[in-house]
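Enquirer: Based on what follows, work out the 3D shape:
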Amino acid sequence: MKTYQYKSTFRWQTFVIAWAFAALFSCGGRSGQHYGEEEYTDSPAQEPTVEEVEIVFDEEEGEASLVRNFYFIFDASGSMEDVCSGKRKIEGAKEAVNSFLTKVPKEANLGLLVFDGSDNEGFREVVPIGPGNRERFRNEINAVAANGGTPLAEAMHFGVDRMITQYKKQLGYGEYRLIIVTDGEADHIPKAARYALKYKIPIYAIGLCMDNLHPLKNYALSYREANNYEDLAKALEETVAEAEYFDATEFN
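Expert: Numbers count the residues shown, from 1 in each chain. Below you'll find the model as predicted:
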């Protein structure tokens with residue numbers, strides 16, 4: 001079986017991480033959970049410089065595709081019940097997401113992870129990444145209720161792994177964005193963010209009605225503050241904007 005390594009030379013702008021729909025971080029809960037075998041521990045903020053990892057894949061197991069991929073981490077933790085700009089954050093966020101869905105390219109792959117305290121891990125993937133799932137995505141967003149803590153670091157790790165799997169399926173072609181919308185801070189973010197950077201998965205993060213800047217500002221390719229739901233809808237729309245530069249044939 002033939003295998004080869006693909007070393008990404010796309011400009012950073014072409015990889016935009018959807019750390020934002022599973023990313024309405026909560027000001028409330030903290031999580032002491034861990035995802036997989038790697039436990040997250042607090043550490044001082046560090047410069048977002050990491051040693052990149054080459055993703056190895058089997059060309060016989062995948063197919064070259066230029067399809068764009070957006071994986072959302074949506075924070076539905078307990079603090080999303082709080083009121084901001086005259087409305088409960090969870091309701092305002094749902095409205096912004098529904099508006100945003102009309103702007104997502106029809107051919108793009110979407111995935112959705114939420115953390116609402118309804119699963120033992122504190123988060124759950126409700127829409128696996130794939131095509132033709134807009135209605136399911138909409139229904140899952142509308143059905144979610146604010147509850148629980150904020151296992152954002154673990155959710156980010158999970159989302160990056162999903163992006164890596166999709167990257168292999170497309171033989172390194174296409175775009176990969178992790179989008180996160182959050183309303184508060186969470187533990188162990190630097191280590192989780194460096195995991196994404198290591199695999200060249202860019203983070204697009206949005207802080208909703210936050211008093212302080214989120215730690216992801218130091219690691220995200222794009223970080224936006226949204227103090228109302230119009231700002232949130234606009235910031236979400238920007239996360240799926242066309243990349244400034246893209247050349248799918250550029251290999252080492």
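Enquirer: you'd agree Glu121 is in a strand?
Expert: No - counting by DSSP: H, G, I helix; E, B strand; the rest coil, Glu121 is not found in a strand; it is coil.
Enquirer: from memory it sits against Ala153, does it?
Expert: No - contact criterion C-beta atoms under 8 Å: Glu121 and Ala153 do not qualify, at 11.9 Å. Every residue, glycine included, has its C-beta placed from N, CA and C.
Enquirer: ok, those two, which is more surrounded?
Expert: Ala153 (24 against 15; other C-beta atoms under 10 Å).
Enquirer: Helix, strand, or coil at the more buried one?
Expert: Recorded secondary structure, Ala153: helix (three-state DSSP).
Enquirer: next one: Ala205
Expert: strand.
Enquirer: What is the neighbour count of it?
Expert: Counted with other C-beta under 10 Å, Ala205 comes out at 32.
Enquirer: Check the spacing between it and Gly62 real quick.
Expert: 29 Å (C-beta to C-beta, to the nearest Å).
Enquirer: ok, now Pro190?
Expert: 32 Å.
Enquirer: more crowded one of the two?
Expert: Legend: neighbour count by other C-beta under 10 Å for Pro190 and Gly62, higher for Pro190 (19 against 16).
Enquirer: Secondary structure element holding the more buried one?
Expert: helix 189-198 (DSSP states H and E).
Enquirer: mind checking how far that helix is from the chain centre?
Expert: 12 Å (C-alpha atoms, centre = their mean, to the nearest Å).
Enquirer: Identify each buried residue in that helix, please.
Expert: By neighbour count on 16 or more other C-beta atoms under 10 Å, the buried set for helix 189-198 is 189-197.
Enquirer: Please produce JSON lines containing those residues, extended by distance to Ala96 and pLDDT.
Expert: Shown next, in JSON lines, are the buried residues of helix 189-198 (distance: C-beta to C-beta, whole Å; pLDDT from 0 to 100):
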{"residue": "Ile189", "distance to Ala96": "23", "pLDDT": "92"}
{"residue": "Pro190", "distance to Ala96": "27", "pLDDT": "93"}
{"residue": "Lys191", "distance to Ala96": "29", "pLDDT": "93"}
{"residue": "Ala192", "distance to Ala96": "24", "pLDDT": "94"}
{"residue": "Ala193", "distance to Ala96": "24", "pLDDT": "95"}
{"residue": "Arg194", "distance to Ala96": "29", "pLDDT": "95"}
{"residue": "Tyr195", "distance to Ala96": "27", "pLDDT": "96"}
{"residue": "Ala196", "distance to Ala96": "23", "pLDDT": "96"}
{"residue": "Leu197", "distance to Ala96": "27", "pLDDT": "94"}
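Enquirer: how about the helices of the protein, start to end?
Expert: 89-101, 134-143, 152-169, 189-198, 229-239 (DSSP state H).
Enquirer: what's the third one packed up against?
Expert: Using 3 or more C-beta pairs under 8 Å, 6 or more residues apart in numbering; DSSP states H and E as the contact test, the elements touching helix 152-169 are strand 55-57, strand 68-75, strand 109-115, strand 124-130, strand 175-182, helix 189-198.
Enquirer: Make JSON lines out of those and add distance to Arg136.
Expert: As requested, these are exported to JSON lines (distance: least, C-beta to C-beta, whole Å):
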{"stretch": "strand 55-57", "distance to Arg136": "27"}
{"stretch": "strand 68-75", "distance to Arg136": "13"}
{"stretch": "strand 109-115", "distance to Arg136": "9"}
{"stretch": "strand 124-130", "distance to Arg136": "6"}
{"stretch": "strand 175-182", "distance to Arg136": "17"}
{"stretch": "helix 189-198", "distance to Arg136": "25"}
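Enquirer: closest one to Ala93 among those?
Expert: Counting by C-beta to C-beta, Ala93 lies closest to strand 175-182 out of these; the figure is 6.5 Å.
Enquirer: now that closest one against helix 89-101, angle please.
Expert: Counting by axes from the mean of the first three to the mean of the last three C-alpha atoms, to 10 degrees, strand 175-182 points 160 degrees away from the direction of helix 89-101.
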